[in-house]
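Chemist: Fold the following, please.
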Amino acid sequence: MKPDRIFADTNLFLRYLTNDIPAQADAVSALLERAEHGEIVLVTNALVIAEIVWTLDSYYHLPKTEIEEKLLAVLNTRGIEVIDSEIVLQAVVQYVEKNVDFIDAYNVAWMPRHSLTTAYTFDRKHFSRFEGITVVVPTVVPS
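Modeler: This is a model prediction of the structure:
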């Protein structure tokens with residue numbers, strides 16, 4: 001019998017990763033054990049990962065390298081399925097390596113999978129840090 005696939009929301013990961021509410025962290029730990037033993041599959045997505053990054057950065061003020069470590073642990077936990085995990089993994093690594101916002105790193109990781117190499121953006125600073133991406137800042141064309 002296949003294990004049930006159940007969506008895992010951001011707050012579960014945050015409770016576990018920060019242990020700021022120990023009783024909830026313990027409950028998540030029990031869920032993770034069930035997932036590791038194949039009883040359930042916890043499914044999540046890039047928006048949850050982005051929210052984890054945002055919260056660990058803006059609320060907990062963790063350094064990017066520590067956030068990366070925590071996210072890699074999530075991505076490598078048996079029994080957790082992250083939709084588009086290859087894109088998310090690339091974004092997590094480039095978030096730190098390129099010192100950019102996670103969302104920018106995710107978008108750049110997403111682009112080639114959709115045959116996109118040019119980005120219209122006002123964020124030349126971050127997008128220019130990526131090889132293979134042409135950055136175009138929109139301007140008003142005189143008529």
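
Chemist: Tell me which residues of the least confident helix or strand in the chain by mean pLDDT come out buried.
Modeler: Ranking every helix and strand in the chain by mean pLDDT, DSSP states H and E puts helix 124-127 at the bottom, with a mean of 92. Of the residues in helix 124-127, 126-127 count as buried by neighbour count, 16 or more other Cβ atoms under 10 Å. All C-beta spots, glycine's among them, are computed from the backbone N, C-alpha and C.

Chemist: What segments of the chain are helices?
Modeler: Ranges of helices in the chain, per DSSP state H, are 10-18, 22-36, 46-58, 64-75, 85-97, 102-110, 124-127.

Chemist: can you tell me how far Glu33 sits from Thr121?
Modeler: In this view, Glu33 and Thr121 are 43 Å apart by Cβ to Cβ, to the nearest Å.

Chemist: and what of Ser128?
Modeler: According to Cβ to Cβ, Ser128 stands 10 Å off from Thr121.

Chemist: so what's in contact with these two at the same time?
Modeler: By Cβ atoms under 8 Å, 6 or more residues apart in numbering, Ser128 and Thr121 have these common neighbours: Val135.

Chemist: What number of residues are in the vicinity of Val108?
Modeler: Val108: 24 surrounding residues under other Cβ atoms under 10 Å.

Chemist: just to revisit the earlier point, which of the helices of the chain comes out lowest on mean pLDDT?
Modeler: Note on these: helix 124-127 shows the lowest mean pLDDT, a mean of 92.

Chemist: and the residue nearest to the spatial centre of the chain, what is it in contact with?
Modeler: Residue closest to the average C-alpha location in the chain (Cα atoms, centre = their mean): Ile49, at 3.4 Å. Neighbouring residues of Ile49 by Cβ under 8 Å, 6+ apart: 71, 74, 82, 88, 91-92, 102.

Chemist: thinking again about what came up before, would you mind telling me which of the helices of the chain is nearest Ser143?
Modeler: Evaluated over the helices of the chain, closeness to Ser143 peaks at helix 124-127, with 25.0 Å, by Cβ to Cβ.
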